[in-house]
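Peer 1: based on what follows, work out the 3D shape:
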Amino acid sequence: MEEPPLREEEEEEEEDEAGPEGALGKSPLQLTAEDVYDISYVMGRELMALGSDPRVTQLQFKIVRVLEMLETLVNEGNLTVEELRMERDNLRKEVEGLRREGSAAGPEVNLGPDKMVVDLTDPNRPRFTLQELRDVLQERNKLKSQLLVVQEELQCYKSGLIPPREGPGGRREKEALFPRGSNANSNKEEKTIIRKLTSN
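Peer 2: Numbering: from 1, shown residues only. You can find the predicted model right below:
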């Protein structure tokens, strides 16, 4: 039972045995502020061994500045990591709470891949099927083309290129402009489709 604590102590001793030089062997993403201090100690010791040459002194100031920047980056990185861990923990708690609420509310509905849940109170929800929309668009395009033909014909009447036709009662023949017959039934069907769609 006492073996696991001994192993932990051995690991700590190995880290201590590596000493300040061990910080140089770490991954940059694993560095802590203490590691930066250890690196600073190692660099300072080696610079002291070089002597007091003015070039060494200038280099020492530059190295100190770089180490200060490294310390700042390491501290910011550690803060960011800690913030992300806290956010992750908060999100886990929130998800667990939502799962508990969902299981308490009732069984989950398992929808197939071609199914969709629609909120009936949502004003932007889909109200028509794709086929209904296709029918309405086809009808609109047909009516638009008929409107263009009638507008062209009206333009021709206004410019005098086509003389107005008059029927036996002195009225213009509407049938010449709008042929009747089988189209009357289709117009009624189109009106009923539009009424059916707009009544929803």
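Peer 1: okay, now the unreliable bits of this structure?
Peer 2: Along the chain, segments meeting pLDDT under 70 span 1-18, 103-110, 164-200.
Peer 1: redo that, cut-off 90
Peer 2: Residues of the chain meeting the criterion pLDDT under 90: 1-84, 96-133, 152-200.
Peer 1: now do the strands in it.
Peer 2: Here the chain has no strands by DSSP state E.
Peer 1: now the helices for the protein?
Peer 2: All helices of the chain, identified by DSSP state H, fall at 3-18, 33-50, 54-105, 130-159, 174-177, 182-198.
Peer 1: in JSON lines, list the ones you listed along with mean neighbour count.
Peer 2: For glycine as for every other residue, the C-beta is placed from the backbone atoms N, C-alpha and C. Below are these laid out as JSON lines (neighbours: other C-beta atoms under 10 Å):
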{"stretch": "helix 3-18", "mean neighbour count": "10"}
{"stretch": "helix 33-50", "mean neighbour count": "15"}
{"stretch": "helix 54-105", "mean neighbour count": "11"}
{"stretch": "helix 130-159", "mean neighbour count": "11"}
{"stretch": "helix 174-177", "mean neighbour count": "12"}
{"stretch": "helix 182-198", "mean neighbour count": "11"}
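Peer 1: for Pro123, which of these is the nearest?
Peer 2: helix 182-198 (16.3 Å; C-beta to C-beta).
Peer 1: out of the helices of the chain, which gets nearest to Asp122?
Peer 2: The minimum distance between Asp122 and those falls on helix 130-159, with 18.0 Å, by C-beta to C-beta.
Peer 1: what helices or strands is that closest one leaning on?
Peer 2: helix 182-198 (3 or more C-beta pairs under 8 Å, 6 or more residues apart in numbering; DSSP states H and E).
Peer 1: returning to that earlier point: quick one: the helices of the chain as TSV, columns for distance to Asp114 too.
Peer 2: Output for the helices of the chain, formatted as TSV (distance: least, C-beta to C-beta, whole Å):
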stretch	distance to Asp114
helix 3-18	55
helix 33-50	55
helix 54-105	23
helix 130-159	12
helix 174-177	47
helix 182-198	23
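Peer 1: looking at those helices, which is nearest to Lys115?
Peer 2: The nearest among the helices of the chain, by C-beta to C-beta, is helix 130-159 at 15.0 Å.
Peer 1: and Asp119, what is it in contact with?
Peer 2: Asp119 is in contact with Arg125, counting by C-beta atoms under 8 Å, 6 or more residues apart in numbering.
Peer 1: how long is stretch 118-137 from one end to the other?
Peer 2: End-to-end span of stretch 118-137 (C-alpha to C-alpha, to the nearest Å): 24 Å.
Peer 1: and for Gly22, the neighbour number?
Peer 2: Burial of Gly22, expressed as a neighbour count using other C-beta atoms under 10 Å, amounts to 15.
Peer 1: what does the one 10 residues further on give?
Peer 2: With neighbours defined by other C-beta under 10 Å, the count for Thr32 comes to 15.
Peer 1: hmm, it is touching Asn78, no?
Peer 2: Yes: here Thr32 reaches Asn78: they are 6.8 Å apart, a contact under C-beta atoms under 8 Å.
Peer 1: all set now, cheers.
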